[in-house]
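Visitor: Sequence plus the predicted model coming up.
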Amino acid sequence: MESITIKDEFIKLGQAMKLAGLVEEGVDAKFAIQNGEVKVNGETDTRRGRKLYAGDVFSYNGRDVRVTAKS
């Protein structure tokens, strides 16, 4: 499983997808999320602004990414 590290309390789903390299542009994340292609903690989520916190896992295109906090 891949991971991304955030320095703030949370990161929005679209931003997290870009940070993880799952999409190149924010608009790509927007459409993937709106089309129900992204899961957060095992459940489909269609909110691009969904806040992800340390410990959350999001999945897209067969790749799972865990959010970790900067220690």
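Guide: Yep, that arrived.

Visitor: So for the lengthiest strand in the chain, what gets flagged as buried?
Guide: With secondary structure taken from DSSP state E, the chain has its longest strand at strand 63-69. Using 16 or more other CB atoms under 10 Å as the burial criterion, the residues of strand 63-69 that qualify are V65, R66, V67. For glycine as for every other residue, the C-beta is placed from the backbone atoms N, C-alpha and C.

Visitor: Is it correct that the last one is in contact with G55?
Guide: Yes. Because the distance of 6.7 Å satisfies CB atoms under 8 Å, V67 is recorded as touching G55.

Visitor: ok so, going back, which neighbouring elements make contact with the longest strand of the chain?
Guide: Other helices and strands packing on strand 63-69, by 3 or more CB pairs under 8 Å, 6 or more residues apart in numbering; DSSP states H and E, are strand 2-6, strand 57-60.

Visitor: can you tell me which of these comes nearest to G42?
Guide: Among these, strand 57-60 comes nearest to G42, with 7.7 Å by CB to CB.
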